[in-house]
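> Build me a model from this:
(chains A and B)
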Amino acid sequence: MAFSLFGGSDKKDSGAAPTSGNSSNVNSIKENLQAQILQEIALTNATELISKISNNCYEKCILNPGSSLSTADATCLDQCSEKYIQAWNTISRRYLARVQSESKN
Amino acid sequence: MPEISKNDISQLDEASQVELLKFVESENAKAKLQSSIHMFTDMCFKKCVPTITMGSTNCVDRFLDTNIFVVNKISKSMQK
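Sure, this is the predicted structure:
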């Protein structure tokens, strides 16, 4: 599953070299903050994805809610969530390409 | 992950503060894009799949089963 959603951020230095004396301490505080922010974003994203898949696949797969989750239900949920993630990846690529091409104009 | 105190933040020099501000701005922009992607995927998925009505007393239980199923699946794929 190719999936750039969960905290998979590329670390890019902005090129600003540290100049102050206790630069290693400052750097570690800065890096901790950045890591916490990325963690927070990844969690929000995962929560959002789970909620969307639950809603969509529940509607699609659980036609008549029985007393337990049947094998057929589970198979449908499995395929449905797989499909949803595929759609997410496709739309993500498509949308980002569109945003880039629009911003050139 | 260690907690960050107010004191830690006040120790940051100006260059680091500027860098952090830029970092937050850029992550914020990315988050907005991802939020749009969530919305579009939701919309397009609904559009491509015939809608199905539901209704039963087991509705909530099966919905929660669905939610737990998805949580398990996602956490498995996160571990990969």
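> Pull out the buried positions in whatever helix or strand B:Ile9 lives in.
Using DSSP states H and E, B:Ile9 sits in helix B:6-11. For helix B:6-11, a neighbour-count test (16 or more other Cβ atoms under 10 Å in any protein chain shown) marks B:Asp8 as buried. Backbone N, C-alpha and C define where each C-beta goes, glycine included.
> Who are the packing partners of it?
Counting contacts by 3 or more Cβ pairs under 8 Å, 6 or more residues apart in numbering or on different chains; DSSP states H and E, helix B:6-11 is packed against helix A:23-61.
> still on that earlier bit, tilt between the helix or strand following the helix holding B:Ile9 and helix A:23-61?
Remark: after helix B:6-11, the chain's next helix or strand is helix B:14-48, criterion DSSP H and E. Inter-element angle recorded for helix B:14-48 and helix A:23-61: 10 degrees (by axes from the mean of the first three to the mean of the last three Cα atoms, to 10 degrees).
> ok, and what's touching stretch A:92-105?
Outside stretch A:92-105, the residues that touch it by Cβ atoms under 8 Å, 6 or more residues apart in numbering or on different chains are B:33, B:36-37, B:40-41.
> Quick one: mean pLDDT for that stretch?
Stretch A:92-105 shows an average pLDDT of 84 in the prediction.
> CA atoms only for that stretch - export them in PDB, please.
The C-alpha trace of stretch A:92-105 is given here as PDB (Å, rounded to 0.1, in the frame of the first residue of the first chain):
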ATOM      1  CA  SER A  92      -4.500  13.000  -4.300                       C
ATOM      2  CA  ARG A  93      -2.100  12.700  -7.300                       C
ATOM      3  CA  ARG A  94      -4.700  14.200  -9.600                       C
ATOM      4  CA  TYR A  95      -5.600  17.100  -7.300                       C
ATOM      5  CA  LEU A  96      -2.000  18.100  -6.600                       C
ATOM      6  CA  ALA A  97      -1.100  18.000 -10.200                       C
ATOM      7  CA  ARG A  98      -4.100  20.200 -10.900                       C
ATOM      8  CA  VAL A  99      -3.100  22.700  -8.200                       C
ATOM      9  CA  GLN A 100       0.400  22.800  -9.600                       C
ATOM     10  CA  SER A 101      -0.700  23.400 -13.100                       C
ATOM     11  CA  GLU A 102      -3.300  26.100 -12.100                       C
ATOM     12  CA  SER A 103      -0.700  28.000 -10.000                       C
ATOM     13  CA  LYS A 104       1.500  28.300 -13.100                       C
ATOM     14  CA  ASN A 105      -1.100  30.300 -14.900                       C
END
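> Can you point out the buried residues in that stretch?
The neighbour-count check on stretch A:92-105 (16+ other Cβ under 10 Å) flags A:92, A:95 as buried.
> and it, how far from the chain's centre?
On the basis of Cα atoms, centre = their mean, to the nearest Å, stretch A:92-105 sits 19 Å off its chain's mean C-alpha point.
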